[in-house]
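Enquirer: fold the following and give me the result.
(one chain, ligands or ions: 1)
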Amino acid sequence: MQHADRFELIRFVKTKSGEVVVDREQKIEGRGVYVHDDPACIAKMKKKKLLAAALKTSVKAEVYDI
Ligand SMILES: [Zn+2]
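Expert: All right, here's what the predicted structure looks like:
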């Protein structure tokens, strides 16, 4: 969602082992996707499977429980 600077960004990353994790320190190597640290944005991303599409992998439901 577009709401500029109101929220920090969270990075999700696909690790070398293929697992998708939250990377709060933004240090994990791998293909990453940034999303606003906003429950509405995270819920939308989950519902529309945007993270799975961006990372070209399946994403476990618990990944979104952050
Ligand atoms: Zn947003």
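
Enquirer: in this protein, which residue is most central in space?
Expert: residue 12 (3.6 Å; C-alpha atoms, centre = their mean).

Enquirer: pretty sure that one contacts residue 23?
Expert: Yes. Taking contacts as C-beta atoms under 8 Å, residue 12 lies within contact range of residue 23: 6.8 Å. From N, CA and C alone the C-beta is placed, and that goes for glycine too.

Enquirer: so what sits against both of those two?
Expert: Listed as contacting both residue 12 and residue 23 by C-beta atoms under 8 Å, 6 or more residues apart in numbering are residue 32.

Enquirer: the chain: helices as residue ranges?
Expert: 39-47, 50-55 (DSSP state H).

Enquirer: residue 24 and residue 6, how far apart?
Expert: Applying C-beta to C-beta, to the nearest Å, the value for residue 24 to residue 6 is 19 Å.

Enquirer: swap in residue 64?
Expert: To residue 6, residue 64 is 20 Å away according to C-beta to C-beta.

Enquirer: neighbour count winner among the two?
Expert: Neighbours were counted for residue 64 and for residue 6 using other C-beta atoms under 10 Å; residue 64 has more, 18 against 8.

Enquirer: for residue 45, what are its contacts?
Expert: Here residue 45 is in contact with 35, 51, 64 (C-beta under 8 Å, 6+ apart).

Enquirer: and the closest residue to residue 42 other than its chain neighbours, what does it touch?
Expert: Excluding its sequence neighbours, the residue lying closest to residue 42 (C-beta to C-beta, 6 or more residues apart in numbering) is residue 64, at 5.8 Å. Residues in contact with residue 64 (C-beta under 8 Å, 6+ apart) are 42-43, 45-46.

Enquirer: thanks again, I'm all set now.
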